[in-house]
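Student: how would this look folded up:
(one chain, ligands or ions: 1)
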Amino acid sequence: MLDIRDATRIFGRKAAVDHVSFRIDGPAFVGIIGRSGAGKSTLLRMMNGLTPATSGRILVEGRDVAALTGAAARQWQSQCAMIFQQFNLVPRMDVVSNVLHGILNRRGTLQTVLNLWPRGDILRALEILDRLGIAEQAPKRAEALSGGQQQRVAIARALMQDPRIILADEPIASLDPMNAQIVMDTLRRINVEDGRMVIANLHTLDTARRYCDRVIGMRDGRVVFDGLPSQLTTGVARDIYGADADFNESATSTAMPTDTSADVEYAARMLA
Ligand SMILES: Nc1ncnc2c1ncn2[C@@H]1O[C@H](COP(=O)(O)OP(=O)(O)OP(=O)(O)O)[C@@H](O)[C@H]1O
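Tutor: Okay, the predicted model is just below:
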């Protein structure tokens with residue numbers, strides 16, 4: 001379904017993404033790992049057109065989405081939702097309006113300015129929030145929510161687009177372990193229950209091992225590992241991260257400590 005061929009992005013004289021090729025058939029959960037600057041974000045942004053490719057092709061069912069412009073590019077972006085580390089919500093706006101913003105580009109300017117939404121869209125936004133366990137937060141301002149709740153609102157906004165692919169750029173890097181687990185469980189549920197492909201840049205190995213069907217390791221813009229989580233040994237990880245012999249992978253751990261936050265009950269339900 002997604003076939004990346006020789007995708008390259010050059011900034012100045014540096015190749016941030018350097019002749020990357022891989023193919024994903026079907027709705028897999030794929031993790032991309034690598035040290036800071038390896039090219040993970042640039043690759044993700046190339047997939048949905050936020051960063052144009054310098055060369056190469058990104059084929060989705062045979063169509064090169066890297067070559068799209070104008071309305072066709074925007075239409076592809078709506079099928080390929082993106083989630084960011086910093087959530088990218090409108091902080092002073094209520095949660096349900098933030099979710100409705102997922103379909104902003106399908107609406108007229110006047111409706112948008114007046115913040116008028118069809119009843120059907122509002123009900124769908126509330127349904128999605130309910131599914132993600134945060135329906136009771138709908139009337140609150142986004143800025144009043146915890147980081148984990150805000151990331152779930154961002155996921156709800158992505159789902160509002162009804163995307164085929166969800167691209168998550170370090171979705172849990174700003175969260176404590178409990179919320180990180182809730183957000184990853186949520187993404188996994190969407191992947192399994194809806195059959196949507198999820199590609200997530202992850203900064204911790206244990207998360208990649210635990211949630212992904214497949215892991216791609218990047219180093220200096222290139223793919224240096226592409227395999228199953230079980231093949232991601234400490235030696236392989238050391239190679240991906242370019243770390244020396246005293247590489248300690250527990251430093252990249254998000255293991256969950258005992259915690260009694262308000263989200264524990266929801267986490268327990270998700271994990272049951
Ligand atoms: N807009 C830009 N202009 C110039 N250089 C850029 C730009 N975006 C990324 N780069 C460079 O491209 C390289 C890859 O960056 P990228 O953000 O894709 O890496 P990353 O693996 O996602 O790192 P991190 O985990 O720190 O986000 C880096 O050297 C970065 O400085």
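Student: And what about residue 175, helix, strand or coil?
Tutor: coil (DSSP: H, G, I helix; E, B strand; the rest coil).
Student: ugh, typo on my part, it should be residue 236
Tutor: Secondary structure of residue 236, per three-state DSSP, is helix.
Student: How much space separates residue 26 from the ligand?
Tutor: 25 Å (C-beta to the nearest ligand atom, to the nearest Å). Every residue, glycine included, has its C-beta placed from N, CA and C.
Student: Am I right that that residue sits in a strand?
Tutor: No - per three-state DSSP, residue 26 lies outside any strand segment and is coil.
Student: Below-threshold pLDDT in the stretch 101-250 of the chain: ranges please.
Tutor: 108-114, 244-250 (pLDDT under 70).
Student: can you give me the helices for it?
Tutor: Taking DSSP state H, counting those that start in this stretch as the criterion, the stretch 101-250 of the chain carries its helices at 109-113, 119-131, 147-160, 177-194, 205-211, 234-241.
Student: what angle do the second one and helix 177-194 make?
Tutor: Read it as helix 119-131. 120 degrees (axes from the mean of the first three to the mean of the last three C-alpha atoms, to 10 degrees).
Student: Alongside the ligand, which residues does the stretch 51-200 of the chain contribute?
Tutor: Contacts of the stretch 51-200 of the chain with the ligand, taken as C-beta under 6 Å from any ligand atom, are absent.
Student: about what we covered before: which one of the helices of the stretch 101-250 of the chain lies closest to residue 38?
Tutor: helix 234-241 (8.2 Å; C-beta to C-beta).
Student: re the thing from before, taking the helices of the stretch 101-250 of the chain together, which one is wrapped up most tightly?
Tutor: helix 147-160 (a mean of 25; mean count of other C-beta atoms under 10 Å).
Student: For it, name the packing helices and strands.
Tutor: strand 80-84, helix 95-100, helix 119-131, helix 177-194 (3 or more C-beta pairs under 8 Å, 6 or more residues apart in numbering; DSSP states H and E).
Student: For those, give me a markdown table that also has distance to residue 158.
Tutor: Below are those laid out as a markdown table (distance: least, C-beta to C-beta, whole Å):
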| stretch | distance to residue 158 |
| --- | --- |
| strand 80-84 | 4 |
| helix 95-100 | 9 |
| helix 119-131 | 9 |
| helix 177-194 | 9 |
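Student: Just tell me which of the helices of the stretch 101-250 of the chain ends up closest to residue 92.
Tutor: Of these, nearest to residue 92 by C-beta to C-beta is helix 147-160, at 13.0 Å.
Student: for the helices and strands packed on helix 147-160, which one sits closest to residue 166?
Tutor: Comparing the helices and strands packed on helix 147-160 by C-beta to C-beta, strand 80-84 comes nearest, at 5.3 Å.
Student: which element is residue 57 on?
Tutor: strand 55-60 (DSSP states H and E).
Student: Output the contacting helices and strands for that strand.
Tutor: strand 2-11, strand 14-24.
Student: can you redo these as JSON lines with mean pLDDT?
Tutor: Converted to JSON lines, the helices and strands packed on strand 55-60 look like this (pLDDT from 0 to 100):
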{"stretch": "strand 2-11", "mean pLDDT": "97"}
{"stretch": "strand 14-24", "mean pLDDT": "97"}
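Student: Can you add distance to the ligand and give those back as CSV?
Tutor: CSV is the format used below for these (distance: least, C-beta to the nearest ligand atom, whole Å):
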stretch, distance to the ligand
strand 2-11, 3
strand 14-24, 3
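Student: export those strands to a markdown table and tack on mean neighbour count?
Tutor: Shown next, in a markdown table, are the helices and strands packed on strand 55-60 (neighbours: other C-beta atoms under 10 Å):
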| stretch | mean neighbour count |
| --- | --- |
| strand 2-11 | 17 |
| strand 14-24 | 18 |
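Student: Quick one: those strands as a markdown table, columns for distance to residue 91 too.
Tutor: Listed next are the helices and strands packed on strand 55-60 as a markdown table, based on distance: least, C-beta to C-beta, whole Å:
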| stretch | distance to residue 91 |
| --- | --- |
| strand 2-11 | 30 |
| strand 14-24 | 30 |
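Student: Perfect, that will be all.
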